[in-house]
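A.B. asks: Next comes the sequence, and after it the predicted model I'd like to discuss.
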Amino acid sequence: MKTEQPKPVTFKKINATNKMKEIMERHFRELDEASKTKSRKVAWCTSVGPAELLRGMGFLVFYPENHGAMLGSTRMATDLIPLANALGYSPDICSYLTADIGSYLKGASPISKAYPGIAGPPRPDVLVYNTNQCRDVHDWFSYYGREFNVPVVGIQTHRGVGDISKAHIDSISNQLKAIVPQLEEVAGRKLDMDEFKNAVGLSRQCTDLWKEVLEIAANVPSPLTFFDGTIQMGPAVVLRGEQVAVDFYKELLAELKQRVRDGVGAIDDEQFRLYWDGMPIWGKLRELSTQFAGLNTCVLASTYCSSWVFPALDPDDPFDSMARAYIELFIVRDENYKERYMEDQINRYKIDGMIFHDAKTCPNNSNNRYGMPERLTNKFNMPTLVINGDLNDLRCYSEEQARTNIEAFIEQIAEKKSR
Ligand code: SF4
């Protein structure tokens, strides 16, 4: 069977997006104000770093990876990466890192384009990392530590973890406690356990709601696409630990539940359901979402968007529960764990096929390199496709080739379903 030619598509707007844009703008303006007036201390933090601990000391928190994604989605990244390459940061390492350093060197930021009056990222008072996702974040923050002459503190996490033991939790929990005095010195105040617990509690509420948002995609038709998720996840990344993120996800969830009650899908006439593994190709989200929608295909679940689901967080046990939450993430785990996780996702979301994005500069989020697609294809008799590309460096991505491969892939799924 041949699939029909892609047709023009219209996107169904999620109304809560307006609120999301408002609160993201407030976040950047608050950081800018603090940076200019020195009214609050600013910590830069990795996306799955110890944000709740920082909030317990009154820091405002800025996430360079979020800035990296903005550089990608505005397509500024590809031209900025060579500036970091010229300093010796290889084109093969994280293109969030290279794009972000390029942005700093050139003094060009998507923040100033989106929010007039803000020059760019706020100046950090301290840089706080967790290597649970990769080593690149440590090197990235070390660069800025030297540039701004501010402390770089962090957590070294085990990688390739299978079962999580008490020794793992103790190691991370002790490291979290060990960085408190350094952070207190920068903050100029003590850690307030009530504020810390409150932040952990709000993070937990935020993460529970975000999980519910993502899991609503199990409905047929799905009211949400992966591409929607990459936009709606902003507050779960940068505002976890704050009430505003909790309120936003309540609103978003209510809207999506209404879609389910009304039988409204995120795309018209959903026929095929796909899972996206790996990083988004930030500069091509619009093109990809248009192509898939035109092929009646809903890409509705992903490993990436689920990276900010931390069910272990417990305000009554903040250190140990944070330690567990930030080590039990998918990206930290071994291949066996990842395979079981994907099997569960395939069943939960009634997946017809999987796309693996092999991101040139992020091996940590490219899960196709050790036989995973082949094993899942065999186990589920399900087509899989590997797309070569990158999160930010569009020189690594052939759009024409990806388009052709996606078309052939959907034809393959259609043929299999018609048998
Ligand atoms: S996980 Fe990948 S994209 Fe994220 S910071 Fe590390 S190398 Fe970059």
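C.D. replies: Thanks, I have the structure now.
A.B. asks: all helices for the stretch 301-419 of the chain, in order.
C.D. replies: Assigned helices in the stretch 301-419 of the chain, in chain order: 318-325, 335-348, 372-380, 399-418 (criterion: DSSP state H, counting those that start in this stretch).
A.B. asks: pLDDT value on the residue found closest to Asp136 once you drop the neighbours it is linked to in the chain, please?
C.D. replies: Take Asp136 and drop its neighbours on the chain: the residue closest to it by C-beta to C-beta, 6 or more residues apart in numbering is Cys94, 4.0 Å away. For the C-beta atoms, the positions are set from N, CA and C on the backbone; glycine is no exception. Predicted confidence (pLDDT) for Cys94: 98.
A.B. asks: Same question for Thr10.
C.D. replies: Thr10 is assigned a pLDDT of 77 by the prediction.
A.B. asks: what residues does this protein put near the ligand?
C.D. replies: For the chain, the contact set with the ligand under C-beta under 6 Å from any ligand atom comprises Glu65, Cys94, Tyr96, Gln133, Cys134, Asp136, Val137, Met279, Cys362, Asn364, Asn365, Leu391.
A.B. asks: Checking Ile93 next. Helix, strand or coil?
C.D. replies: coil (DSSP: H, G, I helix; E, B strand; the rest coil).
A.B. asks: That one: neighbour count?
C.D. replies: By other C-beta atoms under 10 Å, 19 other residues sit near Ile93.
A.B. asks: Contacts only, for it.
C.D. replies: Listed by C-beta atoms under 8 Å, 6 or more residues apart in numbering, the contact set of Ile93 reads Asp136, Asp139, Thr361.
A.B. asks: backbone phi and psi for the residue nearest to Asp136, please?
C.D. replies: For Cys94, the backbone dihedrals (degrees, to the nearest 10) come out as phi -40, psi 120.
A.B. asks: For the stretch 1-150 of the chain, which segments count as strands?
C.D. replies: With strands called from DSSP state E, counting those that start in this stretch, the stretch 1-150 of the chain shows them at 42-45, 60-62, 126-130.
A.B. asks: I should have written the stretch 251-400 of the chain there, sorry.
C.D. replies: 272-277, 297-302, 353-359, 384-389.
A.B. asks: Show me what the mean pLDDT comes to for the longest one.
C.D. replies: Averaged across strand 353-359, pLDDT comes to 98.
A.B. asks: If I take that strand and helix 335-348, what angle do their directions form?
C.D. replies: Calculated by axes from the mean of the first three to the mean of the last three C-alpha atoms, to 10 degrees, strand 353-359 forms an angle of 140 degrees with helix 335-348.
A.B. asks: Paired strands for strand 353-359, with orientation please.
C.D. replies: Partner strands and pairing direction for strand 353-359 (DSSP bridges) are strand 272-277 (parallel), strand 384-389 (parallel).
A.B. asks: What residues of it count as buried?
C.D. replies: Neighbour-count burial for strand 353-359 flags Gly353, Met354, Ile355, Phe356, His357, Asp358, Ala359 (criterion: 16 or more other C-beta atoms under 10 Å).
A.B. asks: Between the residues you listed, which sits nearest Gln156?
C.D. replies: Ala359 (23.6 Å; C-beta to C-beta).
A.B. asks: Could you tell me the model confidence score at the closest residue to the closest one other than its chain neighbours?
C.D. replies: By the measure of C-beta to C-beta, 6+ apart, the closest residue to Ala359 outside its immediate chain neighbours is Met279, 4.6 Å from it. Confidence at Met279, expressed as pLDDT, is 98.
A.B. asks: Look up how far Gly188 lies from Met279.
C.D. replies: Met279 sits 37 Å away from Gly188, going by C-beta to C-beta, to the nearest Å.
A.B. asks: Quick check on these two: which one has the bigger neighbour count.
C.D. replies: Using other C-beta under 10 Å as the criterion, Met279 and Gly188 rank with Met279 on top: 26 against 10.
A.B. asks: before we move on, back to that, in CSV: the strands paired with strand 353-359, plus distance to Thr290.
C.D. replies: Output for the strands paired with strand 353-359, formatted as CSV (distance: least, C-beta to C-beta, whole Å):
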stretch, distance to Thr290
strand 272-277, 15
strand 384-389, 16
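A.B. asks: Return the most buried member of those strands.
C.D. replies: The highest average neighbour count among these, using mean count of other C-beta atoms under 10 Å, belongs to strand 272-277 at a mean of 24.
A.B. asks: what are the pairing partners of the helix or strand harbouring Gly154, and which direction each?
C.D. replies: Per DSSP states H and E, Gly154 falls inside strand 152-155. According to DSSP bridges, strand 152-155 forms sheet pairs with strand 126-130 (parallel).
A.B. asks: what is the mean pLDDT for the strand it pairs with?
C.D. replies: On average, strand 126-130 scores 98.
A.B. asks: Now do it and helix 318-325, the angle between them.
C.D. replies: Going by the same axes, to 10 degrees, strand 126-130 makes 50 degrees with helix 318-325.
A.B. asks: what does strand 126-130 contact?
C.D. replies: The contact list for strand 126-130 (C-beta under 8 Å, 6+ apart) reads 41, 43-46, 48-50, 54, 59, 137-138, 140-141, 144-145, 150-155, 157, 179, 182-183, 186, 326.
A.B. asks: could you redo the last one with a cut-off of 6 Å?
C.D. replies: The contact list for strand 126-130 (C-beta atoms under 6 Å, 6 or more residues apart in numbering) reads 43-46, 49, 137-138, 141, 144-145, 150-155, 157, 186.
A.B. asks: what's the spacing between Ser171 and Leu183?
C.D. replies: For Ser171 relative to Leu183 (C-beta to C-beta), the value is 19 Å.
A.B. asks: which of the two has more neighbours?
C.D. replies: Taking other C-beta under 10 Å, Ser171 and Leu183 do not tie; Leu183 has more neighbours (23 against 17).
A.B. asks: what helix or strand is the more buried one on?
C.D. replies: Using DSSP H and E, Leu183 falls in helix 166-187.
A.B. asks: Determine how far stretch 110-128 lies from the middle of the whole chain.
C.D. replies: Remark: stretch 110-128 is offset 19 Å from the chain centroid, using C-alpha atoms, centre = their mean, to the nearest Å.
A.B. asks: And that stretch, end to end?
C.D. replies: From its first residue to its last, stretch 110-128 covers 23 Å (C-alpha to C-alpha, to the nearest Å).
A.B. asks: what does stretch 185-201 give?
C.D. replies: 25 Å.
A.B. asks: And that stretch, how far out from the chain middle?
C.D. replies: Here stretch 185-201 is found 25 Å from its chain centre; the criterion is C-alpha atoms, centre = their mean.
A.B. asks: Shouldn't Asp163 be within a strand?
C.D. replies: No - assignment of Asp163 by three-state DSSP gives coil, placing it outside any strand.
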